[in-house]
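*Asks:* Only the shape, not the letters, is given here:
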């Protein structure tokens, strides 16, 4: 899986490209952890625009990052999920936990609204 | 069956993508929409992932993925010859998981995305997951036909 990143305000924006399943999750977790440590940020936006497949293992990995970041009082926001990915998110209940927006602009606009959806 | 294919893979995570691609390509023979094919891919991914993680927790084993088309219906069976499921009833409950960071939603997703599924398992013999799906537009045609 390819991951690119930039910093904007106090957020690390990571853009994922490819599939998020059992095969790619270890790499995703490792890269995300390294990026956050290297950039010394505790807030993250994960851009899912170029994710073309995700299953429950991928969702579990995102949820794991969410919990880890929340423990350090950080924020995790998801953006750019396509209709199929959103359907899986809805089935998993992740919508109730993690803010999900259509794009980065909306995320930055709404990020300080509690539980904003 | 009008058509049948069998794929055998080792229980390695790199083979999960191959399994779902093979099944979705096979399934495209029927009148599934792109969304339905993606749903089939998720269901297969869940079943094969379960075999990799739970069927062979300590070693690498064989997973058979049998797919068939007959009477306008797709049938997929994912079979492993691993440790089997100790408590099948518990496992079929959503969010049951024996592994950290695993949501335990594999069967819930299979149930949601396929028309029917059945699980058979025997301790130390393995597990088989049978899933079936009919293209939605063919179901509507059948209903209209009476």
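*Replies:* In hand now; what should we look at? Just so you know, these numbers come straight off a predicted model, no measurement behind them.
*Asks:* how near is residue B:65 to residue B:138?
*Replies:* Computed as C-beta to C-beta, to the nearest Å, the residue B:65 to residue B:138 distance reads 23 Å. All C-beta atoms are positioned from the backbone trio N, CA, C, and that covers glycine.
*Asks:* Looking at those two, which has the bigger crowd around it?
*Replies:* residue B:65 (25 against 14; other C-beta atoms under 10 Å in any protein chain shown).
*Asks:* so residue A:36 is in which element?
*Replies:* Secondary structure assignment for residue A:36, by DSSP states H and E: helix A:25-39.
*Asks:* Which positions within that helix qualify as buried?
*Replies:* For helix A:25-39, burial by neighbour count (16 or more other C-beta atoms under 10 Å in any protein chain shown) applies to A:25, A:28, A:29, A:31, A:32, A:35, A:36.
*Asks:* Point out the residues in chain B that sit beside chain A.
*Replies:* Proximity of chain B to chain A, by C-beta under 8 Å from any C-beta of the partner chain, involves residues B:13-14, B:16-17, B:20, B:35, B:38, B:41-42, B:45-46, B:49, B:52-53, B:101-106, B:108-109, B:112.
*Asks:* Filter the residues you listed down to just the buried residues.
*Replies:* The neighbour count (16+ other C-beta under 10 Å) marks B:13, B:16-17, B:20, B:38, B:41-42, B:45-46, B:49, B:52-53, B:101-106, B:108-109 as buried among the residues of chain B next to chain A.
*Asks:* related to what we said a few turns ago, which pair in the buried residues of helix A:25-39 has the greatest spatial separation?
*Replies:* The two members of the buried residues of helix A:25-39 with the most space between them (C-beta to C-beta) are A:25 and A:36, at 16.4 Å.
*Asks:* Poorly predicted segments of the chain, please.
*Replies:* Defaulting to chain A. Applying pLDDT under 70 to chain A flags residues A:112-117.
*Asks:* That was the other one, I meant chain B.
*Replies:* Residue ranges of chain B with pLDDT under 70: B:93-103, B:140-146.
*Asks:* mind listing the strands for it?
*Replies:* Assigned by DSSP state E, the strands in chain B fall at B:3-10, B:62-70, B:73-80, B:116-122, B:126-133.
*Asks:* what lines up beside the shortest one in the sheet?
*Replies:* Put plainly, it is strand B:116-122. Strand B:116-122 has its sheet partners listed here by DSSP bridges as strand B:126-133 (antiparallel).
*Asks:* what comes up buried for the partner strand?
*Replies:* B:126, B:127, B:128, B:129, B:130, B:131, B:133.
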